[in-house]
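Engineer: could you look at this predicted model? Sequence included:
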Amino acid sequence: MNSRRRDFVTGFAAVAPVVVAYIPIGLLWGTLAASKGLSPLEALLMSVVVFAGSAQFVAVDMWHDPVPVLLLTLTALIVNVRHVLMSASLSRHIDAIPRALHPIVAYFLTDESWALAERRALQEPLTLAFYLGVSLPLAATWWIATGVGAMLGRALGDPSAIGLDFAFSAMFIAILMGFWKGPSTAGVLAMSGAVAAGTYLAFDGPWYIVTGGIAGALYAYSTWRRGAEA
Amino acid sequence: MTGTTLLAIIGMGVATYLTRLSGFYLLRGLNLSGPMKAALDALPPAVLMAVIAPMILATGLAETIAAAITAVAAFFRLPLAVTIVVGIVSVVALRAILN
């Protein structure tokens, strides 16, 4: 019991700075969700059921009436496909966690919890207590901040008046820099950006995300050379 | 709460959860390599780029310049929240100047 408590506290300490960063991001997402007409209850429900910041930002960006259910589902799948690789990588380190609890580990998998869990696994076996010490504060902060943001949101009015419409783009630009692996990335981004912008100008609806994403991946597939991985 | 809103939330939740769970089981024993790995590695940045392309490439000069300033802030590894503030302040100032 003592070691479990120690692992939990160690995880909590490691994640504390990220928790602080989640507060304004969560408030912001709630505000944007409210500006698209989602009620605080709907926003909170999405944060609990989906629990994925970037997918939720993209979803609210695409949100319109009538709600494009299939497109939102497909986009969530594509935006979160990185989690397949993360969970595959993490699966090598979860032997100390009972197999029946792996579905719970999967629910709490975020970019941040995954990174901290992988780093922990370099030093000692990953325990459920450490993982929950990281994940529960992140999740609780996300749920509360997004719900509060949605309650405040209606009072803030048009987000573009104070530049909040650009917050989506600014956040994704920041995340995008983390994927930079050299010149090959430039080709992927150029292909994706060109196809997405062309699709956006040519067709109604947010299909540009799907076409741009697939174009970038196809570029990487077709330009792959043995031994050339960055 | 409308039925389609609930359906969208459930659909997104199931799709997201499947991406998080599948790696634990689907890829067990498999070795993703070569061009397939390269394509999967490229998918997240490609999708993120696609998301922002209309705003940074096809909206206006203010948005395009603000995106470049935001990228510089991110390049210097400013915290995410600070980078977002830099982007918002840039776009508000540039819209005021250019419009």
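Structural biologist: Cool, got the structure.

Engineer: measure the residue nearest to residue A:221 when sequence neighbours are not counted to residue B:97 for me?
Structural biologist: Take residue A:221 and drop its neighbours on the chain: the residue closest to it by C-beta to C-beta, 6 or more residues apart in numbering or on different chains is residue B:39, 3.9 Å away. Heads up, the C-betas are built off the backbone N, CA and C, glycines and all. Distance of residue B:39 to residue B:97, computed by C-beta to C-beta, to the nearest Å: 41 Å.

Engineer: which one's more surrounded, these two?
Structural biologist: Just comparing residue B:39 and residue B:97: by other C-beta atoms under 10 Å in any protein chain shown the higher neighbour count belongs to residue B:39, 21 against 10.

Engineer: buried stuff in the helix or strand hosting the more buried one?
Structural biologist: Per DSSP states H and E, residue B:39 falls inside helix B:34-57. Neighbour-count burial for helix B:34-57 flags B:37-57 (criterion: 16 or more other C-beta atoms under 10 Å in any protein chain shown).

Engineer: list of residues touching stretch A:50-58?
Structural biologist: Among residues not part of stretch A:50-58, those counted as contacts by C-beta atoms under 8 Å, 6 or more residues apart in numbering or on different chains are A:25, A:29, A:32-33, A:46-47, A:59, A:75-76, A:79-80, A:107-108, A:110, A:139, A:142, A:146, A:168, A:171-172, A:175, A:209, B:9, B:12-13, B:16, B:48, B:51.

Engineer: could you list the buried residues of it?
Structural biologist: Buried positions in stretch A:50-58, judged by neighbour count with 16+ other C-beta under 10 Å: A:50-58.

Engineer: now for the residues you listed: which two are most distant?
Structural biologist: A:51 and A:58 (14.3 Å; C-beta to C-beta).

Engineer: what pLDDT, on average, does the top helix by length along chain A get?
Structural biologist: Taking DSSP state H as the criterion, chain A has its longest helix at helix A:2-35. What helix A:2-35 shows for mean pLDDT is 86.

Engineer: what's it packed up against?
Structural biologist: Packing partners of helix A:2-35 (3 or more C-beta pairs under 8 Å, 6 or more residues apart in numbering or on different chains; DSSP states H and E): helix A:40-49, helix A:53-62, helix A:111-123, helix A:128-156, helix A:167-177, helix B:80-98.

Engineer: looking at those helices, which is closest to residue A:19?
Structural biologist: helix A:128-156 (5.0 Å).

Engineer: how about low-confidence regions in the chain?
Structural biologist: Unless you meant another one, I'm taking chain A. Scanning chain A for pLDDT under 70 picks out the ranges A:1, A:17, A:21, A:154-161, A:164, A:168, A:204-206, A:227-230.

Engineer: that was the other one, I meant chain B.
Structural biologist: In the predicted model, chain B carries pLDDT under 70 at residues B:1, B:26-32.

Engineer: now do 90
Structural biologist: Residue ranges of chain B with pLDDT under 90: B:1-3, B:23-48, B:50-52, B:55, B:58-59, B:74-75, B:77-85, B:88, B:99.

Engineer: ok, the closest residue to residue B:87 other than its chain neighbours - contacts?
Structural biologist: Sequence neighbours aside, residue A:170 is the residue nearest to residue B:87 in space, at 2.8 Å (criterion: C-beta to C-beta, 6+ apart). Residue A:170 makes contact with B:66-67, B:70, B:83-84, B:86-88 under the criterion C-beta under 8 Å, 6+ apart.

Engineer: just to revisit the earlier point, of all the helices and strands packed on helix A:2-35, which lies closest to residue A:69?
Structural biologist: Across the helices and strands packed on helix A:2-35, closest to residue A:69 is helix A:53-62 (C-beta to C-beta), at 10.9 Å.

Engineer: tell me the angle of the closest one relative to helix A:167-177?
Structural biologist: On the basis of axes from the mean of the first three to the mean of the last three C-alpha atoms, to 10 degrees, helix A:53-62 is oriented at 140 degrees to helix A:167-177.

Engineer: check which element follows helix A:53-62 along the chain.
Structural biologist: helix A:69-79.
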